[in-house]
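*Asks:* got a sequence here, can you build the structure:
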Amino acid sequence: MPKSSKKKKDKAADFSKAKLKLGKGKQVANNVIDTSFKARSIALPTQNIATDRDGDTPTTKRRLTFDALIGHLKHYNANTRKDALLGLRELLEANPQLVNTHLTTLVNSCVRVVSDEDSSVRKTLLSFFTWLFRQVPRDDIIPHSPVLLLFTTSAQTHIFPEIRIDAIRFLDIFLEYIPDVVTEGWTRQGSGSHGRRVLEGYLGILNAGTSFGEGGDTGPIQATSTASVVLSSASKLVVLKSLATFLGYAVAATSAAKDVTSDSHTGSLATPTWYFSSSFASTSAFNAFDALLRPTLQPLSHSGQHPSYPSATTTWAPEASDDNEDDFEGLFDFVASYSAPWAIHELNDIDAAVAALSENSQYGNGLDTQVASTAHIARTLHATLVSAFLDCAPTVFSPSSTPPETELQMVLVVCRICRSMYGRILQDTSESAGPHETAEADLQTMLSYLSPYFPFVVTGPSTAKRDVKIEQAFQDLNLIFCELSSLLVLASQNNGKRAPAPRKSKARTTRTNRASSSAESASVASARQIERVSEYIVRLLRGETSSAGAQQSIPRPITSQAYVSLLPTIWSLLNSATADAADSTSTLFSAVMEHAVKTSSASAVKRHTIDFVGRLILLDREPEYTGAFRTGQSQQTDATLEEWVVQLPKVLWELAGNHLATSETIIRLLLRLSQRRSALFRPETYVSLRSRCVPYFAFTHPTRGKLPGQYAKLPVSSPLRRLALDLVATLISQGARKTSEGVDELIAAVEEATQGTPEAAYFAGVFPSR
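*Replies:* Residues are numbered from 1 along each chain as shown. Below you'll find the predicted structure:
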């Protein structure tokens, strides 16, 4: 029964009429057809069937061309952007010719990723730029530097701290390859130049202001950064390291004449002489003294011909005729006198160079704009550097634990920044007293924090494992501390000769007087500090351990870089006129001479020792020298110097044809001393030098007979050959030409060594026949 009733209801439903209800719409019929549809898109970024591909077009392993990879750099997916950078490197490594042809497109597309919000993309771009800049010549990178620095300096002010820190890492790459472009115009405030924007970005990240308060530089410093994020130690180290590199290049570009670090001809490390300038009455006198031993020989060309020697063949060049010279307003050479064409970077930013010249002409008080800018930055960074050092010093110099790597590098970077800034300010002895007084006071404050830990040594049990990196970092700290101390000593020696500062306002005068009284109370550098510095240098020159609490290690010879760094300190201590430092000065001089004698002839330090000690002797004949150090005041000192001079021909023999720069320094020094008739050169000294120079030209072997000396091993076209003949002629003219046998052995040896060579006629000209 239930089944049949259900069927009746179903049949009745087919013919029943639906009742309409008020407010309800018309119902859709049961047999209506639904015509609605939905569509979905499928993204295939690695495929494009609508584009015809050229089979010869270079692609990656994923079949992506250069244009496709450039397009992926704009993709919304971070992984796609990262893969695009990896694909670009893969493509360019396999096809290096694409780098030069697509460099503009590549740089303009990649710079937009500098401020990418994904850290993995920025890290990949850093690696890509590091690789790319090695493949591209420097002159090809410079035209793209404006867009590179524009996006990088913009990233320095990004809202996210991580992007700001990565922008500093990009600047490190640019400083490695185009440092002069990055630092250009850093002294011109408000000019919008690259260097100024980069510097303001550094200070903004460090929360250090670049503008002063009311009254120019007389008011308190105001922070110009709006960033309230406190940097971690690792992030602050990244910023300070990059800032130290930036200031190092910026200061070196503006004070190249003050601190020469490399020889322009040979590329080797040169001996600095700027520290002697404060002991001369005029700049011209110091420049003349500086040129006495400065190497002038250039390396040989690929053909073996020295650039200063005339070639056997001469290329014809057009010459100007003077017949029609009245037709010209000026007389100009038809042949250019430049040795090399201008590079691309020298043609850029001419407007900035003109602006710099006009800016320098506006200063009539004798204050160098670079020194003023450096003093401004040093005053701004002083509090930041002191704070960074005080935060890390207790951990780094703790006697019970190994110093952490981050904190140790932080202390080292702070000291390097101080050396760059205060070295630039205090090395310039011709500047007015304004920047010097403030810089001396700030430097003395920094040294007062460093002094309790000096000398910086690695403490711990003798069985502990040695870390070479930590030992090198501590040695660098010691060298920087000595150099900073020497800057204060040299500045104090020059205070009496410095030009008076321009007129100041009352507030500025009060502050300067306060700084001067503070400096006087500290006596610029305490006698105890100078004594400790002198003791450290003596131990370092003798290869001894820095202090009793340090780990015992095998004595190592001092490197050339370390020796050059110590020269300003050594001179400042030797030139000290105080009676309290007489004993330490005598000990230091003995250590310097012992090191100069014991250093091997083949060592890279030998040339620097000869240059420095030789200049100490040459000072005695300088009419405008005003320093305290002089020869002839002690018989023991004169005897030591004379003994050192007499053994120089032996060093010249040992050098043979190697280390031509050292050989030139020795020959020039002996020539200058002979020409000036130094007080150390007695008649016996000339006789000894002549006899010791004989084997250098020719000598007699017991079994092989007459043999040529080391003079024959000099390059055939080297001017050093004729320079040695000038020395011989000068030595002979200072004494008797005849020996007891009737023939001067030196003349005979020289004539035999130059027989059949072009130098024979030259020697006959400088030294007429007997």
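
*Asks:* which one is residue 734 nearest to, not counting chain neighbours?
*Replies:* Distances taken as Cβ to Cβ, 6 or more residues apart in numbering put residue 686 closest to residue 734, at 5.0 Å, once the chain neighbours are dropped. From N, CA and C alone the C-beta is placed, and that goes for glycine too.

*Asks:* could you do residue 119 as well?
*Replies:* According to Cβ to Cβ, 6+ apart, the nearest residue to residue 119 is residue 162 (6.2 Å).

*Asks:* against which helices or strands is the helix or strand that that neighbour is a member of packed?
*Replies:* Element membership for residue 162, per DSSP states H and E: helix 161-177. Helices and strands touching helix 161-177, by 3 or more Cβ pairs under 8 Å, 6 or more residues apart in numbering; DSSP states H and E, are helix 119-135, helix 145-156, helix 179-182, helix 194-205, helix 233-254.

*Asks:* list the buried residues for that helix?
*Replies:* 163-175, 177 (16 or more other Cβ atoms under 10 Å).

*Asks:* kindly report the same for stretch 381-399.
*Replies:* Judged by neighbour count using 16+ other Cβ under 10 Å, the buried positions of stretch 381-399 are 381-382, 384-386, 388-389, 392-393, 395-397.

*Asks:* how about residues contacting that stretch?
*Replies:* For stretch 381-399, the surrounding residues in contact (Cβ atoms under 8 Å, 6 or more residues apart in numbering) are 203, 206-208, 221, 233, 236, 240, 401, 403-404, 407-408, 410-411, 414, 417-418, 421, 442, 445-446, 449-450, 453, 456, 459-460, 549.

*Asks:* now do residue 373 against residue 197, distance only.
*Replies:* According to Cβ to Cβ, to the nearest Å, residue 373 stands 15 Å off from residue 197.

*Asks:* let me redo that: residue 59
*Replies:* Distance from residue 59 to residue 197, by Cβ to Cβ: 39 Å.

*Asks:* quick one: the helices in the stretch 1-150 of the chain, in order.
*Replies:* Using DSSP state H, counting those that start in this stretch, the helices found in the stretch 1-150 of the chain span residues 2-15, 66-72, 78-94, 97-101, 103-110, 119-135, 138-141, 145-156.

*Asks:* save these as a markdown table, and put in mean pLDDT, distance to residue 631 and mean neighbour count too.
*Replies:* As requested, those are exported to a markdown table (pLDDT from 0 to 100; distance: least, Cβ to Cβ, whole Å; neighbours: other Cβ atoms under 10 Å):
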| stretch | mean pLDDT | distance to residue 631 | mean neighbour count |
| --- | --- | --- | --- |
| helix 2-15 | 70 | 131 | 8 |
| helix 66-72 | 91 | 70 | 18 |
| helix 78-94 | 92 | 63 | 18 |
| helix 97-101 | 89 | 60 | 13 |
| helix 103-110 | 92 | 60 | 17 |
| helix 119-135 | 93 | 52 | 17 |
| helix 138-141 | 90 | 47 | 14 |
| helix 145-156 | 92 | 52 | 20 |
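
*Asks:* output those helices as TSV; include the columns distance to residue 541.
*Replies:* Below are the helices of the stretch 1-150 of the chain laid out as TSV (distance: least, Cβ to Cβ, whole Å):
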stretch	distance to residue 541
helix 2-15	116
helix 66-72	58
helix 78-94	49
helix 97-101	50
helix 103-110	50
helix 119-135	40
helix 138-141	39
helix 145-156	44
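
*Asks:* so which of those gets nearest residue 533?
*Replies:* Residue 533 lies closest to helix 145-156 among those, at 38.7 Å (Cβ to Cβ).

*Asks:* which residues sit against the closest one?
*Replies:* 107-108, 111-112, 114-115, 163-164, 166-168, 170-171, 174, 178, 181-182, 194, 197-198, 201-202, 204-205.

*Asks:* the residue nearest to residue 734 is in what secondary structure piece?
*Replies:* helix 683-697.

*Asks:* report the buried residues of that helix.
*Replies:* 685-686, 688-690, 692-697.

*Asks:* and stretch 589-596, by the same measure?
*Replies:* Within stretch 589-596, the residues scored as buried using 16+ other Cβ under 10 Å are 589-593, 595-596.

*Asks:* output that stretch as CSV, restricted to C-alpha atoms.
*Replies:* Extracted in CSV, the C-alpha atoms of stretch 589-596 (Å, rounded to 0.1, in the frame of the first residue of the first chain):
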residue,chain,number,x,y,z
PHE,A,589,118.0,55.3,18.0
SER,A,590,120.3,52.4,18.8
ALA,A,591,117.4,49.9,18.0
VAL,A,592,116.7,51.7,14.7
MET,A,593,120.4,51.4,13.7
GLU,A,594,120.7,47.8,14.8
HIS,A,595,117.6,46.9,12.8
ALA,A,596,119.0,48.8,9.7
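
*Asks:* oh, and call the first residue 8 from now on, that's how I've got it
*Replies:* Sounds good: first residue 8 from here, last item stretch 596-603.

*Asks:* can you list contacts of it?
*Replies:* With contact meaning Cβ under 8 Å, 6+ apart, stretch 596-603 is reached by 544-545, 548-549, 565, 577, 581, 616-617, 619-620, 644, 647-648, 651.

*Asks:* mind redoing it with 7 Å?
*Replies:* 545, 548-549, 577, 581, 616, 620, 644, 647, 651 (Cβ atoms under 7 Å, 6 or more residues apart in numbering).

*Asks:* could you identify the most distant pair in those?
*Replies:* 549 and 644 (18.7 Å).

*Asks:* show me where the stretch 208-357 of the chain dips below the pLDDT cut-off.
*Replies:* Counting by pLDDT under 70, the ranges of the stretch 208-357 of the chain that qualify are 215-236, 260-275, 304-357.

*Asks:* what ranges do the strands span in this protein?
*Replies:* 218-219, 228-229, 705-708, 712-715 (DSSP state E).

*Asks:* which elements pack onto the third one?
*Replies:* To tie it back to what came earlier, the one meant is strand 705-708. Counting contacts by 3 or more Cβ pairs under 7 Å, 6 or more residues apart in numbering; DSSP states H and E, strand 705-708 packs against strand 712-715, helix 752-760.

*Asks:* most neighbours per residue, which of those?
*Replies:* For the helices and strands packed on strand 705-708, average neighbour numbers computed from mean count of other Cβ atoms under 10 Å are highest in helix 752-760, which has a mean of 20.

*Asks:* okay, the angle between that helix and helix 690-704?
*Replies:* Calculated by axes from the mean of the first three to the mean of the last three Cα atoms, to 10 degrees, helix 752-760 forms an angle of 20 degrees with helix 690-704.

*Asks:* for helix 752-760, what is the average pLDDT?
*Replies:* Average pLDDT, helix 752-760: 85.

*Asks:* does anything pack onto it? Which helices or strands?
*Replies:* Counting by 3+ Cβ pairs under 7 Å, 6+ apart, helix 752-760 packs on helix 690-704, strand 705-708, helix 727-740.

*Asks:* redo that, cut-off 8 Å
*Replies:* Under the contact definition 3+ Cβ pairs under 8 Å, 6+ apart, helix 752-760 sits against helix 690-704, strand 705-708, strand 712-715, helix 727-740, helix 765-773.

*Asks:* can you name the residues bridging to the residue nearest to residue 568 when sequence neighbours are not counted?
*Replies:* Nearest-residue entry for residue 568: residue 276, 6.7 Å, with adjacent residues in sequence omitted and distances by Cβ to Cβ, 6+ apart. For residue 276, the beta-bridge partners under DSSP bridges are residue 269.

*Asks:* could you measure from residue 276 over to residue 112?
*Replies:* Applying Cβ to Cβ to residue 276 and residue 112 gives a distance of 42 Å.

*Asks:* before we move on, what about residue 754?
*Replies:* 72 Å.

*Asks:* equivalent analysis for residue 682, please.
*Replies:* The spacing between residue 682 and residue 112, counted by Cβ to Cβ, is 63 Å.

*Asks:* the residue nearest to residue 126 and residue 407: what is the separation?
*Replies:* 35 Å.

*Asks:* then residue 137?
*Replies:* Relative to residue 407, residue 137 is positioned 39 Å away (Cβ to Cβ).
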